[in-house]
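One predicted model, sequence on top.
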Amino acid sequence: MAFEGLAERLQGTLNKIRGKGKVSEQDVKVMMREVRLALLEADVNFKVVKDFIARVKERAVGSDVFESLTPGQQIIKIVNEELTALMGGEQSKIAVAQKSPTVVMMVGLQGAGKTTTTGKLANHLRKKHNRNPLMVAADIYRPAAIKQLETLGKQLNMPVFSMGDQVSPVEIAKEALAKAKEDHHDYVLIDTAGRLHVDEELMGELDEIKELAKPDEILLVVDAMTGQDAVNVAESFNERLGITGVVLTKLDGDTRGGAALSVKAVTDTPIKFAGMGEKVDQLEPFHPDRMASRILGMGDVLTLIEKAQTNVDEARAKELERKMRTNELTFDDFLEQLGQVRNMGPLDELLNMMPGAGKMKGLKNVQVDDKQIGQIEAIVRSMTKAEKEDPSILNANRRRRIAKGSGTTIQEVNRLIKQFGEMKKMMKQMSGMQQKGKKKKGGLGGMKFPFM
Amino acid sequence: MSFFKKLKEKITTQTDSVTTKFKDGLTKTRDSFVGQMNELVKNYRSVDEEFFEELEDILISADVGVHTVMDLIDELKDEARRRNIKDAKDIQPVISEKLAEMLQKSENESALNMQETMTVILFVGVNGVGKTTTIGKMAHRFKQEGKSVVMAAGDTFRAGAIEQLEVWGERVGVDVIKQQAGSDPAAVMFDAIQAAKSRKADVLLCDTAGRLQNKVNLMNELEKVKRVISREIPDAPHEVLLVLDATTGQNAMSQAKTFSKTTDVSGIVLTKLDGTAKGGIVLAIRNELDIPVKFVGLGEGMDDLQEFEADQYVHGLFADVLQEAEELAEED
């Protein structure tokens, strides 16, 4: 990651004041400066940061930070708590109108991801809420925007209402509502054109659509990478239209996403969804608490655990664990594990979610290449059944054949066999350790990363 | 005030229309930025810690980036001490001077590396920054200059992207080489190069799908696209332009770094500078990565893509200050 997390930043300061025994008010000031910089680097608006720091400082001075043996931890705790409070506690749900259809209007700047989000939201409503939404293509300005929504509709096999780009968006909205009632759609998602918040004419058009469609939900789509300007954008849209929620897009990038905090602070409306990828099913509910640690650069453990849980089969994990304990692990199991980890998403993404991964030497700049895994798979698949079960029979002749079969070199095959042996050894130790840990407090169970 | 005079002289030799466009496009940026700056000078009579803290906030609010701001503030503090500046009014020109210095490293660096035969320009960037729109505008620009242009629809992933480029092709009157959605972008590039060669085109503009810079697979795909282009024409692509959204915050730095690593970015196109985004990111990128900004997008029209000129940019940014300086000069 490009930026160090808050914990690391504070550590640097703390190293300087260590040995002084007690922390002075001046030291707290220095630490507050670090917090401020961390937030600014994460793109939180400077005004929001100012208020925030004032609040944290007040709490820090009032509490026992001075007496604490771990003042850094105390500060982080206060910062994290305040941040989570500011982000809003519970995640909220999308509105449902008393009388069908529920009208949702999508607004935002150009390139924020409105059209893609409209498609994702339609998919979400159908899949998770069993609804029957109608998407409305009201972006008549950008070339092929209507086509984009229509293509999404085709991919999802869901209806899209459009009247071409020669009809005014207000008219389109009107016709769309009539059509939705006629066809008994329970949700209408209006995709409006991207516009600058300072564009009077186009903002007026949104007013008109709002007036006519009386939306139950106006979602502001915000790019998570937005900088200081997020505040101006959110403020203008909110003052003009009264938004009811925010969708944060492109959160699968490596941005810290301070814009989330800025937008939340100025509009005081909940962030309802987060766009986590380019595919239509990658729209996820927004978790305020997780966002807090992300902004602080402290990793996202919860998402990692969740990913692991949805992707790892419990029964198989148990069987694997037994094999590991008894040292019966074969190349077949290895392959399966590889597949499972792969299912969880790109490896570097997983690494980024691990707290402290950035700190680990060697891991910091390592490019975890998914292609390499493909190569490993090829090698293992070139082995015979007997070889997979008992790697010890792999003599030079066999290794040469495997290298040829997998399109790799003998050196690479050798390396893998060696690594596998070492991994087996390590796993035995690890599972032994876990066994002991389990007796105490349960542990995570079933989560193993053979090569991390 | 000699700095402003020099700046003014330079600018008057350039066409008025360009200057106006820059001024208009940057109105929002200038209003807030310079407005804040003036207020700052008014509020703080003397140059002290508080003054610098406030200045820090103003620069940060322009997305300049924490590191760059810190550097700048340190330099200014030194300068103030050295020149013994006490009055806030006197430090203002020094601030503008420093900013301009940071942007202007050498002349003509915004010029494109045009070839005698065919020039290949590759456009890269994250999702939604305006790559396709920029290519459309760029095609229009080259067409105006009397060059023959071919566009390659390399965004085979996003729904409607190919159609979007085709609409631009019709508008501008330029051929678009495409395959169907979902095909290999490197294959599209191969086709486009062959087509452009046989049509003896002067310029080939290559669109690519937006990708977040932390997706290793997608970055590898981009590398392949570039490799295929280089294989067909040895020193191509002659320009790799990274399209950046002016509203993007600190992540723009990460984008510039990663895209540079994969594709050797030769210049930046800064889009959407006509909103309230302050474009301060230009300073940060220049300072930390030394990639020149070559073009700026100042609006939605076909003509709203301008060659970046630091002079013009600073002029647009400081038009108010400039006027004040002139008035002062007249009074003398």
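Yep, it's here. Numbering: from 1, shown residues only, chains lettered A, B, ... in the order given.

Stretch B:205-219 vs chain A: in contact?
Yes - counting by CB under 8 Å from any CB of the partner chain, chain A is contacted by stretch B:205-219 at B:212-217. (Glycine included, C-beta is placed from N, CA and C.)

List the backbone torsions phi and psi for the closest residue to chain B within the stretch 101-250 of chain A.
Minimum separation of the stretch 101-250 of chain A from chain B (CB to the nearest CB) falls at A:G227, amounting to 2.5 Å. Backbone torsions of A:G227, given as degrees, to the nearest 10, read phi -90, psi -140.

nearest spatial neighbour of it, skipping sequence neighbours?
B:G249 (2.5 Å; CB to CB, 6 or more residues apart in numbering or on different chains).

Next: B:S61.
A:Q228 (4.9 Å).

what ranges of the stretch 201-332 of chain B fall below the confidence cut-off?
Applying pLDDT under 70 to the stretch 201-332 of chain B flags the ranges B:278, B:311-332.

need the helices for the stretch 151-300 of chain A, in chain order.
A:169-182, A:200-213, A:230-241, A:259-267, A:288-295 (DSSP state H, counting those that start in this stretch).

which of those is buried the deepest?
helix A:259-267 (a mean of 25; mean count of other CB atoms under 10 Å in any protein chain shown).

Which stretches in the chain count as strands?
In the absence of a named chain, chain A is used. Applying DSSP state E to chain A gives strands spanning A:102-108, A:133-138, A:160-161, A:187-192, A:217-223, A:245-249, A:271-275, A:283-285.

sorry, should have said chain B
B:119-124, B:149-152, B:175-177, B:203-206, B:239-245, B:267-271, B:293-297, B:305-307.

Next, the buried residues of the last one.
Buried residues in strand B:305-307, defined by neighbour count with 16 or more other CB atoms under 10 Å in any protein chain shown: B:305-306.

and it, is it in reach of chain A?
No - for strand B:305-307, no contact with chain A is found by CB under 8 Å from any CB; the gap never falls below 14.7 Å.

can you pull the contacts of B:K197?
Going by CB atoms under 8 Å, 6 or more residues apart in numbering or on different chains, B:K197 touches B:M118.

And for A:E387?
The neighbourhood of A:E387, defined by CB under 8 Å, 6+ apart, consists of A:331, A:393-394, A:398, A:402.

Could you identify which of those residues has the most neighbours?
Note: the member of the contacts of A:E387 with the most neighbours is A:I402, at 24 neighbours, neighbours being other CB atoms under 10 Å in any protein chain shown.

Was I right to think it contacts A:S382?
Yes - in terms of CB atoms under 8 Å, A:I402 counts as a neighbour of A:S382; the distance is 4.6 Å.

circling back to that earlier point, any chance of the helices of the stretch 151-300 of chain A in a markdown table, plus mean pLDDT and distance to chain B?
Formatted as a markdown table, the helices of the stretch 151-300 of chain A follow (pLDDT from 0 to 100; distance: least, CB to the nearest CB, whole Å):
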| stretch | mean pLDDT | distance to chain B |
| --- | --- | --- |
| helix A:169-182 | 93 | 16 |
| helix A:200-213 | 91 | 10 |
| helix A:230-241 | 91 | 5 |
| helix A:259-267 | 89 | 7 |
| helix A:288-295 | 78 | 12 |
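
Include distance to B:F52 when you put those helices into CSV, please.
Output for the helices of the stretch 151-300 of chain A, formatted as CSV (distance: least, CB to CB, whole Å):
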stretch, distance to B:F52
helix A:169-182, 48
helix A:200-213, 37
helix A:230-241, 23
helix A:259-267, 24
helix A:288-295, 26
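
of all those, which lies closest to B:V94?
helix A:230-241 (28.1 Å; CB to CB).

list the helices and strands that closest one packs on?
Judged by 3 or more CB pairs under 8 Å, 6 or more residues apart in numbering or on different chains; DSSP states H and E, helix A:230-241 is in contact with strand A:102-108, helix A:200-213, strand A:217-223, helix A:259-267.

repeat that with 7 Å
Other elements packing on helix A:230-241 under the criterion 3 or more CB pairs under 7 Å, 6 or more residues apart in numbering or on different chains; DSSP states H and E are helix A:200-213, strand A:217-223, helix A:259-267.

by how many degrees do that helix and strand A:217-223 diverge?
Angle, helix A:230-241 to strand A:217-223, by axes from the mean of the first three to the mean of the last three CA atoms, to 10 degrees: 160 degrees.

neighbouring contacts of helix A:230-241?
A:45, A:107, A:109, A:197, A:203, A:206-207, A:210, A:218, A:220, A:222, A:243, A:259, A:262-263, A:266-267, B:276 (CB atoms under 7 Å, 6 or more residues apart in numbering or on different chains).

Now do the domain split for the chain, please.
Just so you know, I chose chain A. Residue ranges for the domains of chain A, per automatic domain parsing: A:6-87, A:102-298, A:304-441.

let's do chain B instead
B:10-107+B:315-331, B:119-308.

so what's the residue nearest to A:G227 up against?
So B:G249 contacts A:43, A:225-228, A:259, B:63 (CB under 7 Å, 6+ apart).

Spell out which parts of chain A neighbour chain B.
A:2, A:37, A:40-41, A:43, A:46, A:109-113, A:143-145, A:147-148, A:151-152, A:196, A:198, A:223, A:225-229, A:232, A:250, A:252-255, A:259, A:346, A:348, A:367, A:369-370 (CB under 7 Å from any CB of the partner chain).

If any of these are buried, put those into a PyMOL selection.
Per 16+ other CB under 10 Å, the buried members of the residues of chain A next to chain B correspond to this PyMOL selection:
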select buried, chain A and resi 2+37+40+41+43+46+109+110+111+112+113+143+144+145+147+148+151+152+196+223+225+226+227+228+229+232+250+252+253+254+255+259+346+348
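
ok so, going back, could the strands of chain A go into a markdown table alongside mean pLDDT?
Putting the strands of chain A into a markdown table (pLDDT from 0 to 100) gives the following:
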| stretch | mean pLDDT |
| --- | --- |
| strand A:102-108 | 94 |
| strand A:133-138 | 94 |
| strand A:160-161 | 94 |
| strand A:187-192 | 94 |
| strand A:217-223 | 94 |
| strand A:245-249 | 93 |
| strand A:271-275 | 91 |
| strand A:283-285 | 87 |
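
In a markdown table, list these along with distance to B:F52.
Listed next are these as a markdown table, based on distance: least, CB to CB, whole Å:
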| stretch | distance to B:F52 |
| --- | --- |
| strand A:102-108 | 36 |
| strand A:133-138 | 48 |
| strand A:160-161 | 54 |
| strand A:187-192 | 43 |
| strand A:217-223 | 31 |
| strand A:245-249 | 34 |
| strand A:271-275 | 35 |
| strand A:283-285 | 42 |
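
right, and the ones you listed - which one's nearest B:N84?
Closest among the strands of chain A, using CB to CB: strand A:217-223, at 45.5 Å.
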